[in-house]
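Colleague: sharing a sequence plus its predicted fold:
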Amino acid sequence: MAVLFEPDETHVGRDCGGRELVVSAEDVTRYTAGTGTAADGDWAPALLYHSEVYRDLSWYLPNLIGNLHARQEWDLFHPMRIGDRVRSRSTVVERYAKRDRLYVVNEVLFTTSEDRWLQRSRTHQSFLADQPTDELIVDRDRERRADRRFTVPEAGGDALAPLTRTITVAMCEAFSGPHRNYHTDREMAHALGFPDIVVQGMWSVCLIADAVAARFGAGWHHGGRLDVRLVNVVWANDTLTAHGALREVVPEGRRRRVVLDVWCAKPDGTVTLIGTASALE
């Protein structure tokens, strides 16, 4: 059979490897330091290994300047507990283009050592299609443009309790460290075309996940779903609030699935993340 791809080419089906690990209390402590969310006994936060997809960046396209986390999907099948032995595997599953950007989708699957599925995530990373100029790729004024404003539903009914955090540099370092990168260091951010530290996109995803977990508990860990777009940049020292509004309730076996419209917003109303989440009750 003919070889279609070069060894270092980013293509659908590219295997990016994985690892075996034991869920540890130290990992949970680092998560709580990075997010400000308290631990829940021996249950691991559902998105404890939020950045597993970024452990190996061989799937990235060459043009790193101005790359952004664009969309995140997550399916939860079974919770992790401290002491569990688990495996991860990362695979490129899709590529597409939209306007002036190229997108690569990487799927990470977590299983037990006996191959039981625990969770599956899909990360949509976007890259500039053309070589950038010397100007800032994304500045602080971008979120004020009309095309960066998003309409959200009015919270009501069985909405999530709002969850608010101010994201300090120390939290960025705990969440996205320990190595220097544009999520923890201003000089590194400047080098990639940003005016300040860019809070990692997964942070906002985790804020929503933690808000849903606080409301639904086991119903989130057993069968939770998340599909969100990251639509505006979050900067170090920004304050964000996670919101959720009831969309619909549908039967699912002996349970029912509660579907929510979810979003994160800054105090001035700037929406940074928007999409849907659901859990069982």
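Modeller: Received the coordinates, thanks.
Colleague: only C-alpha atoms for contact and neighbour calcs from this point on.
Modeller: Fine.
Colleague: in three-state terms, label Val249 for me.
Modeller: Per DSSP: H, G, I helix; E, B strand; the rest coil, the local secondary structure of Val249 is strand.
Colleague: look at it and say how many residues are nearby.
Modeller: 15 (other CA atoms under 10 Å).
Colleague: ok, now the one 10 residues further on?
Modeller: By other CA under 10 Å, 21 other residues sit near Val259.
Colleague: cool, and the one 3 residues further on?
Modeller: Taking other CA under 10 Å as the neighbour definition, Val262 ends up with a count of 29.
Colleague: quick check: it touching Ser278?
Modeller: No. In this structure, Val262 is not within contact of Ser278 by CA atoms under 8 Å, at 9.5 Å.
Colleague: hang on, isn't Thr270 packed against Val152?
Modeller: No. Counting by CA under 8 Å, Thr270 stays clear of Val152, with 10.6 Å between them.
Colleague: any figure for the gap between the spatially most central residue of the chain and Pro178?
Modeller: With distances taken as CA atoms, centre = their mean, the chain has Met202 as the residue nearest its mean C-alpha position (3.1 Å). Between Met202 and Pro178 the computed distance is 16 Å (CA to CA, to the nearest Å).
Colleague: likewise for Asn232?
Modeller: Asn232 is 25 Å from Pro178, by CA to CA.
Colleague: neighbour-wise, which of these two wins?
Modeller: Taking other CA under 10 Å, Asn232 and Pro178 do not tie; Asn232 has more neighbours (24 against 10).
Colleague: got a list of what the nearest residue to the more buried one once chain neighbours are set aside touches?
Modeller: Nearest residue to Asn232 in three dimensions, chain neighbours excluded: Thr272, at 4.4 Å (CA to CA, 6 or more residues apart in numbering). By CA atoms under 8 Å, 6 or more residues apart in numbering, the residues touching Thr272 are 230-234, 263-266.
Colleague: equivalent analysis for Leu57, please.
Modeller: So Leu57 contacts nothing (CA under 8 Å, 6+ apart).
Colleague: model confidence for it, exactly?
Modeller: Leu57 carries a pLDDT value of 94.
Colleague: how close does it sit to Leu64?
Modeller: Counting by CA to CA, the gap from Leu57 to Leu64 is 11 Å.
Colleague: for Val249, same thing?
Modeller: In terms of CA to CA, Val249 sits 41 Å off from Leu64.
Colleague: what's the answer for Leu280, then?
Modeller: 39 Å.
Colleague: compare those two (neighbour count), which wins?
Modeller: Between Leu280 and Leu64, counted using other CA under 10 Å, Leu280 has the larger neighbour count: 22 against 15.
Colleague: quick check: phi and psi at that one.
Modeller: Dihedral pair for Leu280: phi -100, psi 150, per degrees, to the nearest 10.
Colleague: and the helices in the stretch 101-250 of the chain?
Modeller: Remark: helices assigned in the stretch 101-250 of the chain by DSSP state H, counting those that start in this stretch are 169-176, 186-191, 201-216, 218-221.
Colleague: among these, which comes closest to Leu47?
Modeller: Between Leu47 and those, the tightest spacing by CA to CA is seen for helix 201-216, at 6.4 Å.
Colleague: tell me the pLDDT at Ile137?
Modeller: Here, the pLDDT recorded for Ile137 equals 61.
Colleague: equivalent analysis for Ala97, please.
Modeller: Looking at Ala97, the pLDDT reads 96.
Colleague: and it, how far from Val105?
Modeller: 11 Å.
Colleague: the two - which one has more neighbours?
Modeller: Val105 (24 against 13).
Colleague: quick one: that one from Thr272, how far?
Modeller: Distance, Val105 to Thr272, using CA to CA: 20 Å.
Colleague: low-confidence stretches in the stretch 1-150 of the chain?
Modeller: 131-141, 143, 146 (pLDDT under 70).
Colleague: so what's Ser126 up against?
Modeller: 67-70, 101-104.
Colleague: save those as TSV, and put in neighbour count too.
Modeller: Shown next, in TSV, are the contacts of Ser126 (neighbours: other CA atoms under 10 Å):
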residue	neighbour count
Asn67	20
Leu68	22
His69	18
Ala70	20
Arg101	15
Leu102	18
Tyr103	24
Val104	23
